[in-house]
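Peer 1: Model the structure of this input:
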Amino acid sequence: MKPSNHSAVYVESTESDVRELTRRLLVDLGGPTVQAMAGSRDNTAPHRWAHPEGTGPGPVEEQRVRLGYRVWKTLESLGDREKAALWLLGSNPGLDGATPVAFIAQLHTREVIDVAEAFVLEQVPANGT
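Peer 2: Residues are numbered from 1 along each chain as shown. Take a look at the predicted model:
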């Protein structure tokens, strides 16, 4: 599996409807992970944000959802969603031992994107297959 196109992932994460991004993250990662990414204390908030008639996220939560989606789409290129989901929740030496989800919630964009892209590139065989 080859790494995803960095520019296409960025455009999708910034231009797509946040409700749809939230819905996709909920399907792929589940409510608790999306809640943690968004830095929300309300475990029902991501479900409301994803609902067409629900309340949308506030500006900061929206930034976090968009960043979380960008990281998730980068990791999806691994072709192993379970491994990607575990990576999001695991302690990461490239992030000073914190989890990528925590860095998303803190909006440490450059750091978490760089570490996610490096992780994906490390997993790709040298011949690209």
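Peer 1: Poorly predicted segments of this protein, please.
Peer 2: Low-confidence segments of the chain, defined by pLDDT under 70: 1-6, 124-129.
Peer 1: Would you mind measuring from the residue nearest to the spatial centre of it to residue 53?
Peer 2: In the chain, the residue lying closest to the centroid (CA atoms, centre = their mean) is residue 68, at 2.6 Å. To residue 53, residue 68 is 23 Å away according to CB to CB, to the nearest Å. In short, each C-beta sits where N, CA and C put it, glycine included.
Peer 1: sorry, back to before: now the residue nearest to the centre of the chain: how far from residue 100?
Peer 2: According to CB to CB, residue 68 and residue 100 sit 9 Å apart.
Peer 1: Would you enumerate the residues in contact with the residue nearest to the centre of the chain?
Peer 2: Residues near residue 68 by CB atoms under 8 Å, 6 or more residues apart in numbering: 25, 34, 37, 38, 101, 104.
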